[in-house]
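Peer 1: Got a predicted structure plus its sequence, pasted below:
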Amino acid sequence: MSSIVKKAIMAVSGFMLFGWIIGHMTGNLKVFQGAEKFNAYAEFLREMGAPLFPESGVLWLVRGTLTLALVLHVWSATSLTLINRRARDKDYETRKGVQLDYAARTMRWSGYLIAFYIVYHLMHLTWGNVHHNFVAGNPYANLVSGFQVVPIALVYIAANLLLGMHLYHGLWSMFQSLGLNHPSYNLWRRYFAVTFAVVVSLGFISVPVAVLTGLVS
Amino acid sequence: MKLTLKVWRQETKDAPGALQTYEVDDISPDYSFLEMLDMLNERLEEQGQRPVAFDHDCREGVCGACSMMVDGQAHGPQARTTTCQLHMREFTDGDTIVIEPWRATAFSIVQDLMVDRSAFDRIIQAGGFISVNTGSAPEANLMPIPKDVADDAFDAATCIGCGACVAQCPNGAAQLFTAAKIGHLSLLPQGQAERDTRAVSMVEQMESELFGSCSNFRECEAVCPKAISIDWIARMNRDYLRAKLKGVTRR
Ligand code: FES
């Protein structure tokens, strides 16, 4: 399969993950409306689609699609990395980046770190097996008590800064990979990437910061 | 000017190579980079040593032969400039300059700074042309082409196939070269008939030569002596993906 097709798979799966991230971030902000609304929202996610779909049916459909997108995203990244390694059998003694930006250069590492973070995050706030005081069915309480542990809040903040950096390159790069370019909107691709990288990153980070500062308790 | 050069010396393709240090003085700031190397070579010959092998031909920035990494940058520090057009006034007295060959699996080293770029020729052979019957040249105005389209196609066609894009790319990818060669034909009416097969054949030839993939680092356009934009790569991706969706296979 051509690397161009693999890049297209990376772009499309990345865009799906991005779409979900926007939803997740928006949902998280409900924490500012208090425990009742936040927990009700979590409950709604489970009942979404009912009665047409069984309880949690739609939720699992979304989870399945996302897992597939994540697997494709990581698979294409790994496969392209191998192609790129093979393409330069011996490296330079000196090399200089000319307009290579930090986010682009570290996509691989930000990507793998985010993947680890996702697993940790699920174990922490979804399954609760690494949470020190997990209360099933009360996501608000879990979130607050979880983030009151400073190192954990810092891990979340760092991970979401990484996510912002990953999106900064990825959201722009996606257009290139899919061949979506035209002089009339090329500039907007950059604005789009910067805006959403910042919005997503700050949106997610606002929650642990709010807990740490006592705004949410 | 007096300079310290660290030049990659390698006898043959598979021989081990290493950077060798040379002190060169009496360099005029008006010398081109290649003239500076000529001077080094004259002195090496006087001392009975083998001169440094490097590619060059036109020495006026149009042939693309003069391939070398100068201080970790393809064709050296000046933008939009081939090595032959780079002048020693860009450097300062006492500088140490590292000179290495292009490095890519697809470009094997012939000797010292000289690499084999015939992989590029094979990409062109795979489809970088239009099939027409030869004969006398047709009347130029028979086929109306808007000025801006002709200009854009010309921008891509200025690619001199030097390989700086591959050399600079952290992935050793030949996307900018291939995209420029696909792009200038895919813009013009004469290129339409073979547009899909051309994109598929050239891309797949490029990949079978073991060039890397594009991570949108934009390093290629930064060092391209003709400042060819990565917009061409997006266009190539579009052409390739569309051809694939239509089920087109390579020639
Ligand atoms: S020698 Fe021809 S471009 Fe430099």
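Peer 2: Received, thanks.
Peer 1: got the residue ranges for the helices in the chain?
Peer 2: In the absence of a named chain, this looks at chain A. A:3-28, A:35-47, A:57-87, A:102-105, A:107-121, A:139-147, A:150-177, A:186-212 (DSSP state H).
Peer 1: Chain B, not that one
Peer 2: Under the criterion DSSP H, helices of chain B are mapped to B:33-46, B:118-125, B:147-157, B:164-168, B:175-187, B:195-208, B:219-223, B:231-245.
Peer 1: Which neighbouring elements make contact with the second one?
Peer 2: On a contact count with 3 or more Cβ pairs under 8 Å, 6 or more residues apart in numbering or on different chains; DSSP states H and E, helix B:118-125 meets helix B:175-187, helix B:195-208. Yep, even glycine has a C-beta here, placed from its N, CA and C like the rest.
Peer 1: Is the first one positioned near chain A?
Peer 2: No - counting by Cβ under 8 Å from any Cβ of the partner chain, chain A is not contacted by helix B:175-187; separation bottoms out at 8.7 Å.
Peer 1: Kindly report the same for the longest one.
Peer 2: Yes - on the criterion Cβ under 8 Å from any Cβ, helix B:195-208 is in touch with chain A at B:203-204, B:207.
Peer 1: Relative to A:Asp91, which of the helices of chain B is closest?
Peer 2: Closest of the helices of chain B to A:Asp91 is helix B:164-168, at 11.7 Å (criterion: Cβ to Cβ).
Peer 1: Give me the residues contacting the closest one.
Peer 2: With contact meaning Cβ atoms under 8 Å, 6 or more residues apart in numbering or on different chains, helix B:164-168 is reached by A:98, B:67, B:69, B:73-75, B:102-104, B:106-107, B:172-177, B:211, B:219-225.
Peer 1: Show me what residue of chain A gets nearest to the ligand.
Peer 2: The nearest approach of chain A to the ligand comes at A:Val98, 19.2 Å away (Cβ to the nearest ligand atom).
Peer 1: And for that residue, the neighbour number?
Peer 2: Close neighbours of A:Val98, defined as other Cβ atoms under 10 Å in any protein chain shown, add up to 17.
Peer 1: Then B:Thr21?
Peer 2: By other Cβ under 10 Å, neighbour count at B:Thr21 equals 10.
Peer 1: which residues does it contact?
Peer 2: B:Thr21 touches B:4-6, counting by Cβ under 8 Å, 6+ apart.
Peer 1: Buried residues of stretch A:126-143, list them for me.
Peer 2: Residues of stretch A:126-143 classed as buried under the neighbour-count rule (16 or more other Cβ atoms under 10 Å in any protein chain shown) are A:128, A:131, A:134, A:139-140, A:142-143.
Peer 1: Run the chain-centre distance for that stretch.
Peer 2: 21 Å (Cα atoms, centre = their mean, to the nearest Å).
Peer 1: how far does that stretch stretch from start to finish?
Peer 2: The separation between the terminal residues of stretch A:126-143, taken as Cα to Cα, to the nearest Å, is 10 Å.
Peer 1: hang on, the earlier thing: mind listing what the residue of chain A closest to the ligand touches?
Peer 2: B:73, B:168, B:219, B:222-223.
Peer 1: residue in chain A nearest to chain B?
Peer 2: A:Gly179 (2.6 Å; Cβ to the nearest Cβ).
Peer 1: can you count the residues close to the closest residue to that residue other than its chain neighbours?
Peer 2: Leaving aside its chain neighbours, A:Gly179 sits nearest to B:Arg238 (2.6 Å; criterion: Cβ to Cβ, 6 or more residues apart in numbering or on different chains). B:Arg238 has 17 neighbouring residues, counting by other Cβ under 10 Å.
Peer 1: What score does B:Arg238 have for pLDDT?
Peer 2: pLDDT for B:Arg238: 98.
Peer 1: now it: how far from the ligand?
Peer 2: Remark: distance between B:Arg238 and the ligand (Cβ to the nearest ligand atom, to the nearest Å) = 30 Å.
Peer 1: Report how many residues lie close to B:Val200.
Peer 2: There are 23 residues near B:Val200, going by other Cβ under 10 Å.
Peer 1: was I right about it contacting B:Thr249?
Peer 2: Yes - taking Cβ atoms under 8 Å as the definition, B:Val200 is a contact partner of B:Thr249 at 6.5 Å.
Peer 1: returning to what we had before: the buried residues of stretch A:126-143 into a markdown table, with extra columns for distance to the ligand?
Peer 2: Shown next, in a markdown table, are the buried residues of stretch A:126-143 (distance: Cβ to the nearest ligand atom, whole Å):
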| residue | distance to the ligand |
| --- | --- |
| A:Gly128 | 65 |
| A:His131 | 64 |
| A:Phe134 | 67 |
| A:Pro139 | 64 |
| A:Tyr140 | 67 |
| A:Asn142 | 65 |
| A:Leu143 | 62 |
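Peer 1: Let me have those in CSV, adding distance to B:Ala193 and pLDDT as columns.
Peer 2: As requested, the buried residues of stretch A:126-143 are exported to CSV (distance: Cβ to Cβ, whole Å; pLDDT from 0 to 100):
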residue, distance to B:Ala193, pLDDT
A:Gly128, 63, 94
A:His131, 64, 95
A:Phe134, 66, 95
A:Pro139, 61, 95
A:Tyr140, 64, 96
A:Asn142, 63, 96
A:Leu143, 61, 96
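Peer 1: which one among the residues you listed gets closest to A:Gly23?
Peer 2: Among these, and counting by Cβ to Cβ, the member closest to A:Gly23 is A:Pro139, at 15.7 Å.
Peer 1: distance of the residue nearest to that closest one when sequence neighbours are not counted from B:Ala53?
Peer 2: Leaving aside its chain neighbours, A:Pro139 sits nearest to A:Ala42 (4.6 Å; criterion: Cβ to Cβ, 6+ apart). A:Ala42 sits at a distance of 69 Å from B:Ala53 (criterion: Cβ to Cβ, to the nearest Å).
Peer 1: Contact partners for B:Ala119?
Peer 2: Taking Cβ under 8 Å, 6+ apart, we find B:Ala119 in contact with B:106-107, B:174, B:209, B:211.
Peer 1: which among those residues gets closest to the ligand?
Peer 2: B:Phe107 (16.5 Å).
Peer 1: so what's the nearest residue to the closest one once chain neighbours are set aside bridging to?
Peer 2: Closest residue to B:Phe107 apart from its sequence neighbours, by Cβ to Cβ, 6+ apart: B:Val115 at 4.2 Å. Here B:Val115 sits in beta bridges with B:Ile109, going by DSSP bridges.
Peer 1: Can you report how many residues lie near B:Val115?
Peer 2: Counted with other Cβ under 10 Å, the neighbours of B:Val115 add up to 25.
Peer 1: how close does it get to the ligand?
Peer 2: 14 Å.
Peer 1: hmm, back to that, touching, the residue nearest to A:Gly179 and A:Ser177? I think so.
Peer 2: No - between B:Arg238 and A:Ser177 there is no contact under Cβ under 8 Å: 10.0 Å.
Peer 1: burial of A:Arg63, as a residue count?
Peer 2: Counted with other Cβ under 10 Å, the neighbours of A:Arg63 add up to 12.
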